[in-house]
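Novice: I would like to see how this sequence folds:
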Amino acid sequence: EKRRLNKQPYGRKRDMPMNIAIDGPVGAGKSSIADQVAQRLHILHLDTGAMYRTVALYMLRNGIDPQDEQTVSARCGEADVRVAYRDGAQRTMLGGEDVSDLIRTGEVSAAASAISKWPAVRRRMVAAQREIAATADMLIDGRDIGTRVLIDAPVKIFLTATPEERARRRYRQQIEKGDMTPYEQVLAELNARDAQDMNRETDPLRQAEDAVLVDSTNMTPEQVVD
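Specialist: Numbers count the residues shown, from 1 in each chain. Below is the predicted model of the structure:
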């Protein structure tokens, strides 16, 4: 696989990084699948959702309502979001603090969905993501990677599953962490997030025309990675 990556893929010059885009709705397993695929290909994985979550965490810490577009847009530049890689895994930093675990709460997730609606936030994140992607062979996952961030990516995947299955997966994950939120509430929150992501005016979630659809509803994680 390493040798294959050193060849010229899809007609691209090898002085240009090879980028792979994975998009899909919340709970589709993009981050975990992308981690494993990147490891198999010996390339880096950029979790863009973690970057939005970090901006959201900054807003929450500073008492800023994620729904307040004017204030969020004015202050999103203050959030010093950085990405570091340790043992091939992404660690997301807010200033000098590693917030990789802190950004995985339900509160931060909801705030990230809210701030991601605002054009100023998305412009800043898209620019940062493109800058990072230009530095190395990289797999990037998110909700607008193939349609906005990496329009010319040679490989695009749209990873999804039914809302019920995605909610079940998230419910099981939360139970393992001691979060006893009822399944019905998890499903309702997931459906609300889907509606917000798909109906926002700026860069809504959608499958790129040249993306390959992968429905993982009845697949194991190993089958999805393969």
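Novice: could you pull out the helices for the protein?
Specialist: 2-5, 30-41, 48-61, 69-75, 106-115, 119-133, 163-176, 183-199, 221-225 (DSSP state H).
Novice: just say which of these is most tucked in.
Specialist: Each of the helices of the chain was scored by mean neighbour count; the highest is helix 48-61, a mean of 23, by mean count of other Cβ atoms under 10 Å. The way it works is simple: take the backbone N, C-alpha and C, and place the C-beta from them, glycine included.
Novice: what is it packed up against?
Specialist: For helix 48-61, the helices and strands in contact under the criterion 3 or more Cβ pairs under 8 Å, 6 or more residues apart in numbering; DSSP states H and E are helix 30-41, strand 81-86, strand 89-94, helix 106-115, helix 119-133, strand 138-142.
Novice: 10 Å instead?
Specialist: Contact here means 3 or more Cβ pairs under 10 Å, 6 or more residues apart in numbering; DSSP states H and E; on that basis helix 48-61 packs against helix 30-41, helix 69-75, strand 81-86, strand 89-94, helix 106-115, helix 119-133, strand 138-142.
Novice: of all the ones you listed, which lies closest to residue 172?
Specialist: Closest approach to residue 172 among the helices and strands packed on helix 48-61 (Cβ to Cβ): helix 30-41, 12.8 Å.
Novice: turn the helices of the chain into a markdown table, columns for mean pLDDT and distance to residue 145.
Specialist: A markdown table is the format used below for these (pLDDT from 0 to 100; distance: least, Cβ to Cβ, whole Å):
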| stretch | mean pLDDT | distance to residue 145 |
| --- | --- | --- |
| helix 2-5 | 40 | 19 |
| helix 30-41 | 93 | 10 |
| helix 48-61 | 96 | 7 |
| helix 69-75 | 97 | 22 |
| helix 106-115 | 91 | 16 |
| helix 119-133 | 93 | 8 |
| helix 163-176 | 93 | 19 |
| helix 183-199 | 92 | 13 |
| helix 221-225 | 96 | 17 |
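Novice: distance to residue 215 added to those, as CSV?
Specialist: Putting the helices of the chain into CSV (distance: least, Cβ to Cβ, whole Å) gives the following:
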stretch, distance to residue 215
helix 2-5, 27
helix 30-41, 13
helix 48-61, 20
helix 69-75, 34
helix 106-115, 23
helix 119-133, 26
helix 163-176, 10
helix 183-199, 15
helix 221-225, 10
